[in-house]
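# would you be able to build a 3D model of this:
(chains A and B, ligands or ions: 2)
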Amino acid sequence: MRETINFLLAGVGGQGTILASDVLVNVGLAAGYQAKQAEVHGMSQRGGSVTSFVRWGKTVHSPLVGAGEVDVLLSFEKLEALRVLSQLRTGAVALINNQAIEPLTVISGDAAYPSDEQIKTAFAAVTPRAEFVDGEAIAKSLGNLRVANVVLLGALSALLERDQVAGPELAAEVWLKVITERVPAKHVELNRQAFQAGREAVTQKA
Amino acid sequence: MVEELDPFLEEAVRLMGIPCEGKSIFPILGELDPCVVRESAIQAGLLPESARVPRPEVETGSLPSRPPVLCPGCPHRPTFYILNKLKVPVNGDIGCYTLGLLPPLSAIHTCGCMGASIGVAHGAAQAGSPERHVAVIGDSTFFHSGIPPLINAVYNKAPIVTIILDNRITGMTGHQENPGTGHTLLGKESVIVELEPLVRACGVKHVTTILGTKVDLIEKTLKEYLKLDEPAVLIVVEPCVLLPEERKKWVPLEVLADKCNGCTICFRIGCPAILKSEELDEKYQRPKALIDPAMCTGCEVCAQVCPRDAIPFRTVEVE
Ligand code: SF4
Ligand code: SF4
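Numbers count the residues shown, from 1 in each chain, chains lettered A, B, ... in the order given. Ligands and ions are numbered 1, 2, ... in the order given. Presented below is the predicted three-dimensional model:
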């Protein structure tokens, strides 16, 4: 078990960033860590940038993570990933959802959305461990767009194993238990599939 | 002592005769995040230089900002769209509607504390501003601290237009009841303090209440009021679209791609449900509009502003 693992979650208001942090903090607790969470920007309902910290560790005194100390990034949107890039530790694990949500400044033509090329190059300069996964496409293939976040959590669980961020205390079953506790009974199977599909999306690349 | 803002605890501890340092080391302004605390401690020699955490060199250039926006279907949108169109100076207040200051609506020019909208507009008039100022304030903020400045403006005969955006709830902080809703904070039934009689009782002669969805009517009334030499109040009423009762009425609209020519007018109302389509208009080679059905509430504001009738109004009414 590591001393601490610092997560940063980034996304756009309405994408479920805060809900995913809640899952993550509870996975940490279920795996036997102390865990704390802090939502940094409160405009989750209104389409603005949203970030949230989750910290796991033997002892966690404060939920805040300083710039340069993020071990793991989970970003639900590409531009938001780029926005928080400078907060990562060199060599951090990064999982980026391959989704672009254009902000109004881009739609109104006042600004340009960064190209995939630009995003990938910027990440490559900071860490070789950045993975891009298309959560929406995988969720769609399962027939329900709403499970995109569970797909990403599945991918994240596999990434943490692959890059040995966490040990055996973080079995897939621990994640699944926390996730399925939070969904209505009729959706448990779908969420299992989504989680599994997310894991495969990462392991197939390895 | 590590505390944000003023040396409150630091001074209390000193008064007890205990030696204490705080603001000589940590800044009095801003949030004390781990980086600020660490850096201050290094500067003060409390931590070694080696405690500094290296940040990766990142070249991202300037990225498009993503400020929060008025929700799809927000009843405040038409008012700000018109204010932007009329290019009048607008003094804003504290609430969801403060977001009207951001582009593309860009229709708030000052924002201070609660109740400051009316007071600042009044002050501008007193100072001899050649333009008519518009004060914009929400229903709950008006009940909280808009009445004394309104009486003051009336008493001093300031020719300002006050718009009360009445969304029938306290929106920004998460749907709390207020004196206009008929329920107490604990949900018990109570009296409804009605805005229009209240405003009249403050001595305002020109008062109108109109529905928040009526884009043209808001424009027409506002233009009339801006010509007056006396205080006027426009009450724009329309419930917050996120209220449970309102959610039941959501019906997404659609853009008729063959009618839309990508004129961009509907992009300028700042609704996050209106996206750029991948389909280009043949003549002008510019992207057509597309409505995200998962976000659109069917408020019909875009339908009202589209000059080509490319966005049909609702066909079904949900009551
Ligand atoms: S206002 Fe009408 S014509 Fe113009 S872009 Fe929007 S839908 Fe198309
Ligand atoms: S009807 Fe138009 S303005 Fe209203 S929510 Fe839908 S897309 Fe936005």
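# residue A:82 should be in a helix, yeah?
Yes. Residue A:82 forms part of a helix when assessed by DSSP: H, G, I helix; E, B strand; the rest coil.
# how many neighbours does it have?
For residue A:82, the number of neighbouring residues by other Cβ atoms under 10 Å in any protein chain shown comes to 21. Yep, even glycine has a C-beta here, placed from its N, CA and C like the rest.
# residue B:31 now?
As a burial measure, residue B:31 scores 10 neighbours (other Cβ under 10 Å).
# how about it: what's its closest non-neighbour residue?
Computed as Cβ to Cβ, 6 or more residues apart in numbering or on different chains, the closest residue to residue B:31 that is not its neighbour in sequence is residue B:4, at 6.7 Å.
# tally of neighbours for that neighbour?
Per other Cβ under 10 Å, the neighbour tally for residue B:4 reads 13.
# pretty sure it sits against residue B:33.
No. With contacts defined as Cβ atoms under 8 Å, residue B:4 does not count as touching residue B:33, sitting 10.1 Å away.
# pick out the residue nearest the middle of chain A.
Residue closest to the average C-alpha location in chain A (Cα atoms, centre = their mean): residue A:74, at 2.5 Å.
# chain A: strands as residue ranges?
Remark: strands assigned in chain A by DSSP state E are A:4-12, A:34-39, A:49-57, A:70-75, A:88-97, A:130-133.
# ligand 1: which of those is closest?
With Cβ to the nearest ligand atom as the measure, strand A:4-12 is the member of those nearest ligand 1 (22.7 Å).
# what pairs with that closest one, parallel or antiparallel?
With DSSP bridges as the test, strand A:4-12 is paired with strand A:49-57 (antiparallel), strand A:70-75 (parallel).
# make a markdown table out of those strands and add mean pLDDT and distance to ligand 1.
Shown next, in a markdown table, are the strands paired with strand A:4-12 (pLDDT from 0 to 100; distance: least, Cβ to the nearest ligand atom, whole Å):
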| stretch | mean pLDDT | distance to ligand 1 |
| --- | --- | --- |
| strand A:49-57 | 94 | 26 |
| strand A:70-75 | 98 | 31 |
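# which of these sits closest to residue B:62?
strand A:49-57 (14.6 Å; Cβ to Cβ).
# who in the stretch 101-250 of chain B is up against chain A?
With Cβ under 8 Å from any Cβ of the partner chain as the criterion, the stretch 101-250 of chain B meets chain A at residues B:103, B:104, B:242.
# mind doing that once more with 6 Å?
residue B:104 (Cβ under 6 Å from any Cβ of the partner chain).
# and the residue of the stretch 101-250 of chain B that's closest to chain A?
Residue nearest to chain A within the stretch 101-250 of chain B: residue B:104 (4.9 Å; Cβ to the nearest Cβ).
# residues contacting that residue?
Neighbouring residues of residue B:104 by Cβ atoms under 6 Å, 6 or more residues apart in numbering or on different chains: A:108, B:268, B:270.
# before we move on, back to that, how about a markdown table for the strands paired with strand A:4-12, with distance to residue A:145 added?
Listed next are the strands paired with strand A:4-12 as a markdown table, based on distance: least, Cβ to Cβ, whole Å:
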| stretch | distance to residue A:145 |
| --- | --- |
| strand A:49-57 | 19 |
| strand A:70-75 | 18 |
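# and the residue nearest to residue B:20 when sequence neighbours are not counted, how many neighbours does it have?
Distance criterion Cβ to Cβ, 6+ apart; nearest residue to residue B:20, sequence neighbours excluded, is residue B:13 at 4.4 Å. Residue B:13 has 15 neighbours, counted by other Cβ under 10 Å.
# for chain A, see how far away residue B:13 is.
Note on residue B:13: its distance to chain A, by Cβ to the nearest Cβ, to the nearest Å, is 21 Å.
# ramachandran angles for that residue?
Dihedral angles of residue B:13 (phi, psi; degrees, to the nearest 10) stand at phi -70, psi -40.
# quick one: low-confidence parts of chain A?
A:1, A:40-46, A:205-206 (pLDDT under 70).
# flag every residue of it that's near chain B.
Neighbours of chain B within chain A, by Cβ under 6 Å from any Cβ: A:43, A:46-49, A:64, A:66-69, A:82-83, A:85-86, A:90, A:103-108, A:111, A:122, A:126.
# my guess is residue B:10 contacts residue B:2. True?
No. The criterion here is Cβ atoms under 6 Å, and residue B:10 misses it with residue B:2 at 9.6 Å.
# give me the more crowded residue out of the two.
Between residue B:10 and residue B:2, counting by other Cβ under 10 Å, residue B:10 is the more crowded of the two (18 against 13).
# what's the nearest residue to the more buried one once chain neighbours are set aside in contact with, if anything?
Nearest residue to residue B:10, sequence neighbours excluded (Cβ to Cβ, 6+ apart): residue B:22, at 3.8 Å. Contact analysis of residue B:22 by Cβ under 6 Å, 6+ apart lists B:1, B:7, B:10.
# is it fair to say residue B:22 lies in a strand?
No. Going by three-state DSSP, the assignment for residue B:22 is coil, not a strand.
# give me the distance between it and residue B:48.
Residue B:22 sits at a distance of 21 Å from residue B:48 (criterion: Cβ to Cβ, to the nearest Å).
# please identify which of the contacts of residue B:22 is nearest to chain A.
Chain A lies nearest to residue B:1 out of the contacts of residue B:22, by Cβ to the nearest Cβ, at 16.3 Å.
# can you show me the strands along the stretch 201-319 of chain B?
For the stretch 201-319 of chain B, applying DSSP state E, counting those that start in this stretch gives strands covering B:206-211, B:232-237, B:274-280, B:287-291.
# just the helices in the stretch 51-200 of chain B please.
Ranges of helices in the stretch 51-200 of chain B, per DSSP state H, counting those that start in this stretch, are B:77-86, B:116-126, B:139-145, B:147-155, B:195-201.
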